[in-house]
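Participant: here is a sequence together with a model predicted from it:
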Amino acid sequence: MKPIDWQVTAQNGKARTGILRTRRSEIETPVFMPVGTQGTVKGIRYEWLEDELDARIILGNTYHLWLRPGIEIIRNLGGLHKFSTWNRSLLTDSGGFQVFSLTDLRKLNEEGVEFRSHVDGTKMFLSPEVSMEIQAALGSEIVMVFDECLPGNVGVEETRKSLEMTARWAKRSKHRFEELQNEKADTGFLVKENLSGRQALFGIIQGAGHLNLRNESLEKTVEIAFDGYAIGGLSVGEEKSIMYEVLEFIGSKMPENSPRYLMGVGTPEDLVEAVYHGIDMFDCVMPTRNGRTGGAFTSQGKINIRNAKFAQDKEPLDKNCQCSVCQRYSRAYLRHLYQTGEMLASILISHHNLTFFLETMRKVREAIKFGEFSKFRRDFLDQISNND
RNA sequence: GCAAGGGUGGUCGAGUGGUUAAUGGCACCGGGCUGUAAACCCGGCAGACGGAAGUCUUACAUAGGUUCAAAUCCUAUCCCUUGCA
């Protein structure tokens, strides 16, 4: 028995819809997963995620939860689901991205990465094994292998060395992961229908903007065999055209019968483009981070609620949006909340943004089912670049 | 009325003869944010011209003055604060 089940339900060009079943929820793909790094999607109560937004899966982060509150505490409280009360699916990132983003606070070698905690400077050592142990304690439905994520625009030699290490780390991740499953270290264990009740493990393809290396990484990763495959190392400073090039090249080469996950991406346009190239899963901090900092995504493109031009604007953030924020609050009011530093501004805009992302994916799925994805893509990109 | 201390750019507040179109903070304006060290970061903020380096004009209560040079020194006036009557 497998830990997850994924079936394609419709195909339109390279784009496809599917149903991903985990032990905790049923997820229609393509799916956008809100990011909940520290056990919370910043500014959004689970009630909203469950009810109005109807998110079926969110992210958590190994590194952050390891530092605070610490794994012992989470394990003692029964895992991240019980601790946080989020009962739908969780995907946990391995800390691999922090290898990239906390570059000043780390020392990296074959064995793993020594971090100085960004919280208090304590030395911590993260490795494939440790990452798997933490993710087992968190009890997420989908565990990510521990990888090295390079910045964009890195040369061929460095990229190759890195991707080879990532492949070795992937092997070690899987080895330790399976031990932990057998040891029943997974706090989220839950038997459901014909699933194993265990965690699923996804591999990560690296290779920066070098297509041949992407291919190499793909082969190495598939050879190890995972429950799903992710593309890492995109949108990390490289030209956007490089990301699209990599997606076009590698997207449809990834195993057809497993979910394909593009890590950390992206803008609404990126999502639609990636779906076009056969990607099924996404996560990104943009809706919540931009929401907190006054950036709203709309069907007419991005707006910045700080702009003086909204001071007396009675319209909602997006006149085409059905979310509870757009049904009730004007741009003028939201701008006022933002300008006066009211936390509600961040909450409401984040809420709207998440709605926009999730709703966009709903429309994407719809379009694929009706065989109209090309038209949808054209119209969507047209609308969104048409603002001001 | 007398005495003391003050009046600086939207605001608060540095500066007390030249490197000062004037430090900072706030406000304001704009930009950025892609597996969250992010309720954050960056930039602009007298006016005009310029792509820019820059040039010019007007500025530190008001009006005069001293000086090669003044927000800074002097004189007068107006206003504010505090104390004493």
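Facilitator: Yep, it's here.
Participant: for residue A:59, what are phi and psi?
Facilitator: phi -100, psi 160 (degrees, to the nearest 10).
Participant: hmm, I typed the wrong one, I wanted residue A:194.
Facilitator: Per degrees, to the nearest 10, the backbone of residue A:194 is at phi -100, psi 40.
Participant: then the one 4 residues further on?
Facilitator: Phi and psi for residue A:198, reported as degrees, to the nearest 10, are phi -90, psi 180.
Participant: next up, the contacts around it.
Facilitator: A:3, A:23, A:181, A:186, A:189 (CB atoms under 8 Å, 6 or more residues apart in numbering). No exception for glycine: its C-beta is placed from N, CA and C like everyone else's.
Participant: now the buried members of those residues.
Facilitator: Listed as buried from the contacts of residue A:198 are A:3, A:23, A:181, A:186, A:189; burial here means 16 or more other CB atoms under 10 Å.
Participant: dump those residues to TSV, plus distance to RNA strand B and pLDDT.
Facilitator: Formatted as TSV, the buried ones among the contacts of residue A:198 follow (distance: CB to the nearest atom of the strand, whole Å; pLDDT from 0 to 100):
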residue	distance to RNA strand B	pLDDT
A:3	18	98
A:23	21	98
A:181	20	98
A:186	19	98
A:189	23	98
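Participant: so what's residue A:207 up against?
Facilitator: A:159, A:163, A:213, A:214, A:215, A:216, A:217, A:218, A:233, A:246.
Participant: how many neighbours does the third one have?
Facilitator: Residues lying near residue A:213 (other CB atoms under 10 Å) number 20.
Participant: sorry, back to before: now, which of the buried ones among the contacts of residue A:198 lie within helices?
Facilitator: Counting by DSSP state H, these place residue A:181 in helices.
Participant: excluding chain neighbours, give the residue nearest to the residue nearest the centre of chain A in space.
Facilitator: Closest to where the C-alpha atoms of chain A average out (CA atoms, centre = their mean) is residue A:283, at 2.3 Å. Leaving aside its sequence neighbours, residue A:283 sits nearest to residue A:33 (CB to CB, 6 or more residues apart in numbering; 4.2 Å).
Participant: repeat that for residue A:208.
Facilitator: residue A:159 (4.6 Å).
Participant: tell me which element the one you found falls in.
Facilitator: helix A:156-182 (DSSP states H and E).
Participant: give me the contacts around the very next helix or strand once past that helix.
Facilitator: From helix A:156-182 onward toward the C-terminus, using DSSP H and E, the following helix or strand is strand A:200-205. Contact partners of strand A:200-205, identified using CB under 8 Å, 6+ apart, comprise A:2-4, A:22, A:91, A:96, A:141-145, A:147, A:166, A:170, A:173-174, A:177, A:214, A:217-218, A:221-222, A:224, A:226-232, A:250, A:254, A:261, A:263.
Participant: among these, name the ones in helices.
Facilitator: Counting by DSSP H, those contribute A:96, A:166, A:170, A:173-174, A:177, A:214, A:217-218, A:221-222, A:224, A:250 to helices.
Participant: pull the number of nearby residues for the nearest residue to residue A:205 once chain neighbours are set aside.
Facilitator: Excluding the flanking residues, the one nearest residue A:205 by CB to CB, 6+ apart is residue A:217, at 4.6 Å. Here the count is done by other CB under 10 Å, and residue A:217 has 30 residues near it.
Participant: got the contact list for residue A:217?
Facilitator: A:163, A:166, A:167, A:205, A:206, A:207.
Participant: quick check: the residue of the stretch 51-200 of chain A nearest RNA strand B.
Facilitator: residue A:149 (2.2 Å; CB to the nearest atom of the strand).
Participant: so that residue, which state does it fall into?
Facilitator: coil (DSSP: H, G, I helix; E, B strand; the rest coil).
Participant: ok, back up a step: which residues sit in contact with the residue nearest to residue A:283?
Facilitator: Residue A:33 touches A:55, A:57, A:58, A:59, A:91, A:281, A:282, A:283, counting by CB under 8 Å, 6+ apart.
Participant: ok, now with 7 Å
Facilitator: A:57, A:58, A:59, A:91, A:281, A:282, A:283 (CB atoms under 7 Å, 6 or more residues apart in numbering).
Participant: before we move on, what about residue A:297?
Facilitator: Counted by CB under 7 Å, 6+ apart, residue A:297 has contacts A:268, A:287, A:353, A:356.
Participant: wait, the last one sits on residue A:322?
Facilitator: No - distance between residue A:356 and residue A:322: 10.4 Å, which falls outside the contact criterion (CB atoms under 7 Å).
Participant: list the beta-bridge partners for residue A:304.
Facilitator: residue A:295 (DSSP bridges).
Participant: so where's the stretch 201-350 of chain A shaky on pLDDT?
Facilitator: Applying pLDDT under 70 to the stretch 201-350 of chain A picks out no residues at all.
Participant: show me what from it comes close to RNA strand B.
Facilitator: Contact residues (CB under 7 Å from any atom of the strand) of the stretch 201-350 of chain A with RNA strand B: A:204, A:230, A:232-233, A:235-236, A:240, A:263-267, A:270, A:283-286, A:288-290, A:292-295, A:302, A:304, A:306-309, A:311, A:339, A:341, A:343, A:346.
Participant: now with 6 Å?
Facilitator: Residues of the stretch 201-350 of chain A found near RNA strand B (CB under 6 Å from any atom of the strand) are A:204, A:232-233, A:235, A:240, A:263-267, A:270, A:283-286, A:288-290, A:292-295, A:304, A:306-309, A:339, A:343, A:346.
Participant: what does the stretch 1-150 of chain A give?
Facilitator: Applying CB under 6 Å from any atom of the strand, we find that the stretch 1-150 of chain A lies next to RNA strand B at A:35, A:37, A:42, A:59, A:61, A:93-94, A:96-98, A:100-102, A:104-105, A:118, A:144, A:147, A:149.
Participant: now the helices for the stretch 251-388 of chain A?
Facilitator: A:268-276, A:286-292, A:324-328, A:331-339, A:343-369, A:373-384 (DSSP state H, counting those that start in this stretch).
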